[in-house]
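Enquirer: here's my sequence, what's the structure:
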Amino acid sequence: MGREEGLMESIDKLREYGHECCARIDDAVHDLADAIEAEIAERFMELPVDVDGVPIHVGDWLRHCDLTVQCAAVSPERVYYWDEAVNGHWVLGVKCRHVKPRTLEDVLDEFTSAYDQIGGEDDEHWKYLEISKRYADEIRELLGVDT
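Expert: Numbering: from 1, shown residues only. This is a model prediction of the structure:
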């Protein structure tokens, strides 16, 4: 079957149990274990992995080139993501790296830092409004709230 040793420990244990019994039961247990493995191979695929060898699941956040994207679909070697700039895009999983998704704390820290850089001049009040709107939109998105 071309599987790695120890990949399916429960099936290996089943085979060992069959071996401890008489030959007829041993054959039946091995046939059953082979059937289970065949069904698994037929129904399931291996997940693609990132550059560090970590399996990629739908919903994971990844860094690809200069983009942070969310995985929308997978194939055995590729991941699919949607980005406004490139629309839908398939890439090799090994060209991506898992990243921690942004949190509310990240957004608020960044907002505070951006606000501190404005300087408080009256003529820069529009910058404060622009920054506030951008971060408020991201907070709504993180919370799943429509405007």
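Enquirer: which neighbouring elements make contact with the helix or strand hosting residue 117?
Expert: If you go by DSSP states H and E, residue 117 is part of helix 104-118. Contact analysis of helix 104-118 by 3 or more Cβ pairs under 8 Å, 6 or more residues apart in numbering; DSSP states H and E lists helix 125-143 as its packing neighbours. No exception for glycine: its C-beta is placed from N, CA and C like everyone else's.
Enquirer: flag every buried residue along the helix it packs on.
Expert: 131, 135, 138 (16 or more other Cβ atoms under 10 Å).
Enquirer: so what's the closest residue to the second one other than its chain neighbours up against?
Expert: Looking back up the chat, that one is residue 135. Among residues not flanking residue 135 along the chain, residue 111 sits closest, at 4.2 Å (Cβ to Cβ, 6 or more residues apart in numbering). Residue 111 sits next to 131-132, 135 when contact means Cβ atoms under 8 Å, 6 or more residues apart in numbering.
Enquirer: who does the lengthiest strand in the chain pair up with?
Expert: In terms of residue count, the longest strand belonging to the chain (DSSP state E) is strand 67-74. Sheet pairing for strand 67-74, assigned by DSSP bridges, gives strand 61-64 (antiparallel), strand 78-83 (antiparallel).
Enquirer: thanks again, I'm all set now.
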